[in-house]
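Trainee: Just a sequence and a predicted model for now, questions to come.
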Amino acid sequence: MVSMLMSLLLGLQAATIATPFDVRAKDNLVLGKGAPSGTMYYDVPITQQPTSGVLIKLPYTVKGGKFTFDMHHRISLTPEFESAEVTTTIEVITGGTVRIGSYTMSSMIHAGEKFSETIKKTNAADLDQYVTPVGTKTITLDIRPGPQSISIVGQTQVITRGSKTSRIDTPNARIATVSNFKFEEVTETNPLKKTPLQD
């Protein structure tokens, strides 16, 4: 009985709790809000400057945590759109431009395809009329202890139709959309083993 209780307590030692964080992306990167979910969607431009990407300030943590978000292709699905294989690559960097990781999503996108929810866009310009997120890939990052800011930036998008391939790697081109940010801080819940106090 005692051994079962000890196992349970040890298993709970590295629990996580949802922790507030601050999205500091520039207003012009807000694609819009999902209806009816209310989820905010942000465009990801090709850049290596943290302040030009989707910048997120994470809180100070003693034991670190996990940050997750959803990545989507950003495509203009015009009435003339022809089915294509789309490969989008983004990168996550720190505020000091240290590379955390690169993430790729590849999908076959068909003419007339719809996203899982309607986006109420912040920009009503004709140019953005057909722009939409497509597909979803959830990215999970292990965040180190201490204060940290991260930025989600674009690398490349490759569109293939039959034998024709086009590559988008122009600085400031918006190639992806991100949403559904969550940060969970690792906390200690085992009362039998406390973390030593830090000076």
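Mentor: That came in fine, so what should we check first? From a predicted model like this one, the values you see are computed outputs, not experimental measurements.
Trainee: Least confident secondary structure element in the protein?
Mentor: Ranked by mean pLDDT, DSSP states H and E, the helix or strand of the chain with the weakest confidence is helix 2-11, at a mean of 45.
Trainee: what residue is smack in the middle of this structure?
Mentor: Note on the chain: the residue nearest the mean C-alpha position is Phe69, at 3.7 Å, using Cα atoms, centre = their mean.
Trainee: before we move on, what SS does that one have?
Mentor: Here Phe69 is recorded as strand under DSSP: H, G, I helix; E, B strand; the rest coil.
Trainee: which residues sit in contact with it?
Mentor: Applying Cβ atoms under 8 Å, 6 or more residues apart in numbering, we find Phe69 in contact with 138-139, 152, 178-182. For the C-beta atoms, the positions are set from N, CA and C on the backbone; glycine is no exception.
Trainee: Any chance of these in CSV with secondary structure, distance to Thr47 and neighbour count as columns?
Mentor: Shown next, in CSV, are the contacts of Phe69 (DSSP: H, G, I helix; E, B strand; the rest coil; distance: Cβ to Cβ, whole Å; neighbours: other Cβ atoms under 10 Å):
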residue, secondary structure, distance to Thr47, neighbour count
Thr138, strand, 23, 10
Ile139, strand, 18, 16
Ile152, strand, 10, 26
Val178, strand, 14, 26
Ser179, strand, 19, 20
Asn180, strand, 22, 16
Phe181, strand, 19, 17
Lys182, strand, 24, 15
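Trainee: What is the nearest of these to Gly96?
Mentor: When the contacts of Phe69 are compared for distance to Gly96 (Cβ to Cβ), Ile152 comes out closest, at 15.3 Å.
Trainee: isn't that closest one right up against Thr94?
Mentor: No. The pair Ile152 / Thr94 is not scored as a contact, 11.5 Å apart, by Cβ atoms under 8 Å.
Trainee: neighbours around Pro145, how many?
Mentor: Taking other Cβ atoms under 10 Å as the criterion, the count of residues near Pro145 is 14.
Trainee: Please apply the same query to Gly64.
Mentor: Neighbours of Gly64 under the rule other Cβ under 10 Å: 15.
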